[in-house]
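Visitor: Need the 3D shape of this:
(one chain, ligands or ions: 1)
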Amino acid sequence: MGASADAPAIHLRLAGPGDAGVMAAIHQACFAPGWDAAAIGQFLVPGCLSLLAAPTAEAPAQGLLMARAAADEAELLTLGVTPLHRRQGLARGLLRSAMERLQACGVQRLFLEVEQGNSAALGLYQSLGAVAVGRRPGYYAHGADAAIFSLAL
Ligand SMILES: CC(C)(COP(=O)(O)OP(=O)(O)OC[C@H]1O[C@@H](n2cnc3c(N)ncnc32)[C@H](O)[C@@H]1OP(=O)(O)O)[C@@H](O)C(=O)NCCC(=O)NCCS
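Guide: Okay, the predicted model is just below:
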């Protein structure tokens, strides 16, 4: 599967249970503390969408996205790209692909939480049309607020 026509030629694919290890490695490169393979594995189940992105079809995956759908709504569980592979369109490709796949399953709205001050994620979400719909004060363990965005599919 390729990315959208106006996106860089990155390689996107669905992830499965055999990908839990590589997904944990990507997650741990993006977040502290990151999720281990067991934590990743609990979302590699029906009802959840898990995608991997690589710069090319031959290269190892450097980005992941996980989302969970319920009826006509979905939430973004996690999205990350390893530091050396950022600003190459991997996250945008992952998110666009997730939006298309979720819409095809009848999902109408995707909710995304982002830490206040995470300018990379805020820029990405807003570039795709996400709008701020709320805030969760002190949501993160270190006390930062979460901004909640909604993306109409
Ligand atoms: C947020 C993150 C996933 C973006 O991944 P990425 O692959 O570098 O993003 P893309 O290359 O697809 O960028 C798409 C757009 O997002 C915005 N963006 C990305 N990085 C940005 C930055 N550092 N500052 C401002 N805007 C940024 C831009 O609008 C960019 O488009 P442009 O390159 O045409 O200007 C990545 O920085 C990351 O993994 N961060 C740590 C984990 C995280 O915060 N995840 C999101 C919250 S769960």
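Visitor: right, and His85 touches Gln62 too?
Guide: Yes: His85 lies in contact with Gln62 (CB atoms under 8 Å); the separation is 4.0 Å. Backbone N, C-alpha and C define where each C-beta goes, glycine included.
Visitor: Give the intersection of the neighbour lists for the two.
Guide: Common contact partners of His85 and Gln62 (CB atoms under 8 Å, 6 or more residues apart in numbering): Pro55.
Visitor: Among these two, which residue is more densely surrounded?
Guide: Comparing His85 with Gln62 by other CB atoms under 10 Å, the one with more neighbours is Gln62, at 24 against 21.
Visitor: what residues are up against the more buried one?
Guide: Contacts of Gln62 by CB under 8 Å, 6+ apart are 26, 53-55, 81-82, 84-85, 90.
Visitor: so which of these comes closest to Ser97?
Guide: Closest to Ser97 out of those is Ala53 (8.3 Å), distances taken as CB to CB.
Visitor: residues of stretch 107-120 that come out buried?
Guide: Judged by neighbour count (16 or more other CB atoms under 10 Å), stretch 107-120 contains these buried residues: 107, 110-114.
Visitor: likewise stretch 31-46?
Guide: 34-35, 37, 40-41, 43-44.
Visitor: Looking at the buried residues of stretch 107-120, spot the one nearest the ligand.
Guide: Val114 (5.2 Å; CB to the nearest ligand atom).
Visitor: you'd agree the closest one is up against Ala120?
Guide: No: in this structure, Val114 is not within contact of Ala120 by CB under 8 Å, at 9.3 Å.
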